[in-house]
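# Return atomic coordinates for the entry below.
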Amino acid sequence: MKKTRNIFLVTISFSIIAFNIAFAAEKIGYIDVTRTFNEYNKTKSFDKELTNEQEKYEKEREKKVNEVKKLQDKINLLSEKEKEAQQPALEEKIRLLQDFDRQQQTELRKERDERMKEILKDIDDAVEGYAEKEGYSLIFNDQVLVAQDEDLDITDQIISILNKNSKE
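Predicted coordinates:
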């Protein structure tokens, strides 16, 4: 019994040593994807462009809303018979405004989604390239980590690579 216990302890000890040796050679890091995304120059540039597009949409929408309001005010001053005659024109303007809203929101959402995919692909490519160049075996997203060592954070290096490449 004692011999079996000693063999078991020796086996466990060797297993622990082998495990530590195997993973000692592994290079591991993590990246703060949110910070990387927000500090990437391309993200800032795309944000400005999307804000400009949103402002253009809002101005155009405001014009259309004012047209509807003017027509509504005009109709309110008419007699019942004249109101009935003008009602289809008002309904058409409202329908066109709703169509415009739907179309613009869809286009803005599609544009935002495409740009986000592009930015996330850039981040992915930068991380993969950095991992290969620097010999990293594993790089984690910091969102999945419960605790992390600041020395393993490669976020600054990735942001630097991304911003350098976005200027080229």
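# for residue 66, helix, strand, or coil?
Put simply, residue 66 is helix when judged by DSSP: H, G, I helix; E, B strand; the rest coil.
# Would you mind measuring from it to residue 74?
Note on residue 66: its distance to residue 74, by C-beta to C-beta, to the nearest Å, is 12 Å. Heads up, the C-betas are built off the backbone N, CA and C, glycines and all.
# So for these two, which sits in the more crowded spot?
Between residue 66 and residue 74, residue 74 has the larger neighbour count (other C-beta atoms under 10 Å), namely 14 against 10.
# In what element of secondary structure is the more buried one found?
In this assignment (DSSP states H and E), residue 74 forms part of helix 41-76.
# Kindly report the same for residue 140.
Residue 140 is part of strand 138-141, with elements assigned from DSSP H and E.
# That strand pairs with which strands, and in what direction?
Paired neighbours of strand 138-141 in the sheet (DSSP bridges): strand 28-31 (parallel).
# Quick one: neighbours of residue 101, just the number.
By the criterion of other C-beta under 10 Å, residue 101 has 14 neighbours.
# Low-confidence stretches in this protein?
Across the chain, residues meeting the criterion (pLDDT under 70) sit at 1-25, 168.
# got the buried residues for stretch 127-138?
127, 130, 131, 136 (16 or more other C-beta atoms under 10 Å).
# wait, stretch 160-168
Buried, per 16+ other C-beta under 10 Å, within stretch 160-168: 161, 162.
# Help me confirm that residue 110 is found in a helix?
Yes: counting by three-state DSSP, residue 110 is part of a helix.
# Got phi/psi on the most centrally placed residue in the chain?
In the chain, the centroid-proximal residue (C-alpha atoms, centre = their mean) is residue 116; its distance is 4.8 Å. Note on residue 116: backbone dihedrals following degrees, to the nearest 10 are phi -60, psi -40.
# Could you shift the numbering so residue one becomes 34, and keep it that way?
Done: numbering now begins at 34, and the last item shifts to residue 149.
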